[in-house]
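**Q** Mind folding the following:
(one chain, ligands or ions: 1)
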Amino acid sequence: MSILLTGGLGYIGSHTAVELLNRGEDVIIVDDLSNSKIIVKNKIMQITGKKFKFIKADLKNLKKTEKIFKNNNISAVVHFAGYKIVGESLNHPIKYYENNILITLNLLKCMEKYNVYNMVFSSSASIYGDQNEMPVKETFSTHANNPYSRTKLYIEEILKDFYNSNNKFNFAILRYFNPVGAHESGLIGEDPNDTPTNLMPYITKVATGELKELSIFGNDYSTKDGTGVRDFIHVCDLAIGHALALNKLKEKPGVFICNLGTGKGYTVLETVTTFNKVNGNLVKYKFVERRSGDIAISYADTTKAEKELKFKAKYNLEEMCKTSYKFEKNNK
Ligand code: UD1
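**A** Next up, the predicted model:
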């Protein structure tokens, strides 16, 4: 039996593939390469010393999706595939709704037809939007404020409806905070096809000289140094979270919703300062206006993850900064 990873050559998918292969699982990766590179396949094999099946396919195509389920013995799906750039989603909402939702519907249709009852879904803490209270608990109301985040929220609702219609299904919905860092080998990491919009990939490209200077969006928030606060979590910790979620589905069926974060918030300025401390003084920055749609503070309540998943993030911010830069240098 194999675990199907959709979008498995992407940033979080590739690190999860490594984690699952290292745990002795059989993995099949499907990816359309729209925001990933085929070389990642070999890198995963290089890190793990293990082989796995790769299928290039666009899961919006139901026939192709069905073929994958028909030809393979799949026990569970870890569903990463989806577009994920907030700014782009504001300009191209249909592209986001069509891609992210249609892929999920096709997967669910095939899972039902081929009796595959377990799915781990890649959701996002961005569905919480602006909250008055920190840390963010899973029970808080959701305030998705852009099409990308709404696709995540709507998919969560679709999964719940699907479970209500057929409770043989088990879904683990993981709400990621801010994934950063890279595998310690420096072979895989975050490698966006376009100029990054997220903080850490932007920082690493300033460090290598590919980008000139970091703009810090706002220094007038009500935080200790005025810059935004985020819960950065190492992508290898996140990968472990997925392996634990797969186990959880076996032991406690139903719909399980869980934050994946460290529970600690760092300001943007602290993050840049830490990066400069561990990698040399490489990143110049300036303060500019706030970015529209940004929230001031976001960090996770990790109680549920600790209690029910037995998950506790172990990498600190220094390690996140070191490994991010190591990958960027290797990959340049
Ligand atoms: C973003 C997305 C969110 C997604 C998450 C993880 C937005 C509004 N939200 O969250 O939906 O789930 O990434 O991929 O894009 N910053 C700078 N300069 C930069 C880039 C970022 O100062 O060049 C600041 C931001 O203002 C923010 C922090 O760094 O305070 C983190 O930004 P980012 O990495 O884009 O993540 P989020 O905005 O938290």
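**Q** From residue 275, how far off is residue 228?
**A** 16 Å (Cβ to Cβ, to the nearest Å). From N, CA and C alone the C-beta is placed, and that goes for glycine too.
**Q** Repeat that for residue 71.
**A** 45 Å.
**Q** if you count what's nearby, which of these two comes out ahead?
**A** residue 275 (27 against 11; other Cβ atoms under 10 Å).
**Q** Tell me which residue in this protein sits closest to the ligand.
**A** residue 228 (2.7 Å; Cβ to the nearest ligand atom).
**Q** What about that residue, how many residues nearby?
**A** For residue 228, using other Cβ under 10 Å, the count is 25.
**Q** excluding its backbone neighbours, what's nearest it?
**A** With sequence-adjacent residues excluded and distances taken as Cβ to Cβ, 6 or more residues apart in numbering, residue 228 is closest to residue 268, at 5.2 Å.
**Q** same question, residue 241
**A** residue 260 (4.6 Å).
**Q** bridging residues for the one you found?
**A** residue 176 (DSSP bridges).
**Q** and the gap between it and residue 129?
**A** For residue 260 relative to residue 129 (Cβ to Cβ), the value is 18 Å.
**Q** So these two - more neighbours on which side?
**A** residue 260 (27 against 19).
**Q** how about that one, what does it touch?
**A** By Cβ atoms under 8 Å, 6 or more residues apart in numbering, the contact set of residue 260 is 174-177, 233, 237-238, 241, 300, 305, 311, 313.
**Q** that older thread, so the residue nearest to residue 228 is in contact with residue 227, correct?
**A** Yes: under the criterion of Cβ atoms under 8 Å, residue 268 makes contact with residue 227 at 4.0 Å.
**Q** Give me the common contacts of those two.
**A** residue 216.
**Q** Could you list the residues of this structure in contact with the ligand?
**A** 86, 124, 126, 148-149, 178, 197-199, 202, 214-217, 228, 230, 268, 291, 293-294 (Cβ under 6 Å from any ligand atom).
**Q** Can I get the buried part of the residues you listed as one PyMOL selection?
**A** Filtering these down to the buried ones (16 or more other Cβ atoms under 10 Å) takes a single PyMOL command:
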select buried, resi 86+124+126+148+149+178+198+199+202+214+216+217+228+230+268
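**Q** out of the residues of the chain next to the ligand, which are inside helices?
**A** Secondary structure assignment (DSSP state H) places 86, 148-149, 199, 202, 268 from the residues of the chain next to the ligand within helices.
**Q** could you dump those residues to JSON lines with pLDDT?
**A** Output for those, formatted as JSON lines (pLDDT from 0 to 100):
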{"residue": "86", "pLDDT": "93"}
{"residue": "148", "pLDDT": "97"}
{"residue": "149", "pLDDT": "98"}
{"residue": "199", "pLDDT": "98"}
{"residue": "202", "pLDDT": "97"}
{"residue": "268", "pLDDT": "98"}
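**Q** where do the strands sit along the stretch 101-250 of the chain?
**A** Using DSSP state E, counting those that start in this stretch, the strands of the stretch 101-250 of the chain run over residues 118-124, 170-176, 178-180, 214-217, 229-230, 232-234.
**Q** quick one, which of the ones you listed is packed in tightest?
**A** strand 232-234 (a mean of 27; mean count of other Cβ atoms under 10 Å).
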